[in-house]
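Chemist: Build the 3D model from these lines:
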Amino acid sequence: MMDPTKAEPILLDRAAAYEKLRDPAFDPGTGSVLLVDKPKGWTSFDVVAFVRGRMRVRKVGHCGTLDPMATGLLILCLGPATRLAEHYQAETKKYLATIRFGATTPSDDADTEPDAHFPVAHLNEESVVAAMTTFLGETLQTPPMYSARKVGGQRLYKLARRGEEVERQPRPVTIYEFTPVAFRLPDELDASVVCSKGTYIRTLARDLGTALDTGAHLTALRRSQSGSFSVDSALSIDDIRTLRPRDDE
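Modeler: Numbers count the residues shown, from 1 in each chain. So this is what the prediction gives:
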């Protein structure tokens, strides 16, 4: 008899989910990979809890955290498929990021208010592109204080909310692509980023500002791809609500 923990998971992308999830006899907890388009304002764990309740699956794990401000592709592994979470999490990611120049924030994004302001009149397309190319390849990146990483057994964001800052060890990441999509200088830049697991796009925005002798932070972020999976094939939260309604609705 085949071990169910070793069976190939069922991919619940937009094409398959509409057929599978409408079938009351289908149990996604037998081992599924669900592609979700995370909305702004939801944490990755909010999405996990929502899917756990809707699918009535106890074991659900996500493959790569998205900050509350970010939107886009979140891969969820259900039931025995959680054994594959590390595999999917290790895949290359692609993002569309909006970077605002002239100010830094404690969280390196728009979820906190600016704490310092800088001149931007010297910025031009040529200097921005030149600075972006310096980040290509393997580089060391210091995790932001507002992150879920642990130092001394404590989550960094919990320390940050108490006004504490601790030393963080830089970690190697790889930036495969960092290119402009649209310029709105001297204030903003839309950029495409292709990077390795563990890359903080907020930190990349902050470091780009430093390289350009100004401040910078992230104002929008969307994950469009992870490995071979695209957000175009993902289900929205409303899709999941429709396909798996609760009895009390």
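
Chemist: In this protein, which residue is most central in space?
Modeler: Closest residue to the average C-alpha location of the chain: residue 66 at 3.0 Å, with C-alpha atoms, centre = their mean.

Chemist: In terms of helices and strands, where is that residue?
Modeler: Residue 66 belongs to no helix or strand when elements are defined using DSSP states H and E.

Chemist: swap in the one 10 residues further on?
Modeler: Of the helices and strands defined by DSSP H and E, residue 76 is found in strand 71-78.

Chemist: elements contacting that strand?
Modeler: Applying 3 or more C-beta pairs under 8 Å, 6 or more residues apart in numbering; DSSP states H and E, one finds that strand 71-78 contacts strand 32-38, helix 44-55, strand 60-62, helix 85-89, strand 216-226, strand 229-230. (Each C-beta comes from the backbone N, C-alpha and C, glycine too.)

Chemist: Any chance of a markdown table for those, columns mean pLDDT?
Modeler: As requested, these are arranged in a markdown table below (pLDDT from 0 to 100):
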| stretch | mean pLDDT |
| --- | --- |
| strand 32-38 | 97 |
| helix 44-55 | 94 |
| strand 60-62 | 94 |
| helix 85-89 | 93 |
| strand 216-226 | 98 |
| strand 229-230 | 97 |
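
Chemist: which residues touch residue 235?
Modeler: 12, 13, 14, 17, 34, 35, 36, 37, 243 (C-beta atoms under 8 Å, 6 or more residues apart in numbering).

Chemist: Just name the closest of those residues to residue 223, please.
Modeler: residue 37 (9.3 Å; C-beta to C-beta).

Chemist: Could you list the buried residues of the longest strand seen in the chain?
Modeler: In terms of residue count, the longest strand belonging to the chain (DSSP state E) is strand 171-184. For strand 171-184, burial by neighbour count (16 or more other C-beta atoms under 10 Å) applies to 173, 174, 175, 178, 183.

Chemist: Near the residue nearest to the first one when sequence neighbours are not counted, how many other residues are there?
Modeler: What it means is residue 173. Distance criterion C-beta to C-beta, 6 or more residues apart in numbering; nearest residue to residue 173, sequence neighbours excluded, is residue 199 at 4.4 Å. Neighbourhood size, residue 199 [other C-beta atoms under 10 Å]: 21.

Chemist: thinking residue 199 is in contact with residue 141, fair?
Modeler: Yes. Counting by C-beta atoms under 8 Å, residue 141 is a contact partner of residue 199 at 6.7 Å.

Chemist: which residues do the two both contact?
Modeler: residue 173.
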